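Engineer: Let me see the structure of the following:
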Amino acid sequence: MNKGKLDTQEKDRLTSYERGEWQTVPDSAEAVQRYRQAARATLRKDARVNIRISSKDLEALQRRALEEGIPYQTLIASVLHKYISGRLVDQS
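Structural biologist: Down below sits the predicted model:
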C-alpha cells in the first residue's frame, strides 16, 4: 500500500495492522448490532424543544451554520449534545 498519501495517524495504524497487532473482536456480529443500536438511539431525534433567543443570536447561529454547510437546527442540536456530553470546549 502507498503510505505517501496517509497522515501520521493513518500510517501508525497501518504499520500496527501490518505487524499483526490487531485482533478480531469476539462475537463481532453481536458487537456490531449493539453498536448499531446505540448509534440509532443516539442519533434519533424524537423530542421537540421550543426556545426563545434574541434575533441577533439566531442570525449568528444561522451564519455559522451556513459557514459549516449544515442547517442551523442541526448546529444547535450538535452544540447542545456536545455540552451535555462534556465535549464542548471553552476556547477563552
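
Engineer: in what helix or strand does residue 56 lie?
Structural biologist: According to DSSP states H and E, residue 56 maps onto helix 55-68.

Engineer: next helix or strand past that helix?
Structural biologist: helix 72-84.

Engineer: which residues sit against that next one?
Structural biologist: Helix 72-84 is contacted by residues 45, 58, 61-62, 64-66, 68, 70, 88 when judged by C-beta atoms under 8 Å, 6 or more residues apart in numbering. To be clear about C-beta, it is placed using only N, CA and C from the backbone, and glycine gets the same treatment.

Engineer: For that helix, which residues meet the burial criterion?
Structural biologist: By 16 or more other C-beta atoms under 10 Å, the buried positions in helix 72-84 come out as 72, 75-76.

Engineer: with the residues you listed in mind, which one is nearest to residue 92?
Structural biologist: Nearest to residue 92 out of the buried residues of helix 72-84 is residue 75 (C-beta to C-beta; 20.0 Å).

Engineer: lowest average confidence, helix or strand, in the protein?
Structural biologist: helix 28-43 (a mean of 80; mean pLDDT, DSSP states H and E).

Engineer: between that one and helix 72-84, how many degrees?
Structural biologist: Angle of helix 28-43 versus helix 72-84, following axes from the mean of the first three to the mean of the last three C-alpha atoms, to 10 degrees, is 110 degrees.

Engineer: residue furthest from the geometric center of the protein?
Structural biologist: Outermost residue of the chain with respect to the C-alpha centroid, by C-alpha atoms, centre = their mean, is residue 19; its distance is 29.4 Å.

Engineer: can you tell me how far that residue sits from residue 13?
Structural biologist: Applying C-beta to C-beta, to the nearest Å, the value for residue 19 to residue 13 is 11 Å.

Engineer: Show me what stretch 17-27 is in contact with.
Structural biologist: Against stretch 17-27 from outside (C-beta under 8 Å, 6+ apart): 16, 31.

Engineer: Give the rounded mean pLDDT of it.
Structural biologist: The average pLDDT for stretch 17-27 rounds to 87.

Engineer: State the distance spanning the first to the last residue of it.
Structural biologist: Criterion C-alpha to C-alpha, to the nearest Å; first-to-last residue distance in stretch 17-27 is 20 Å.
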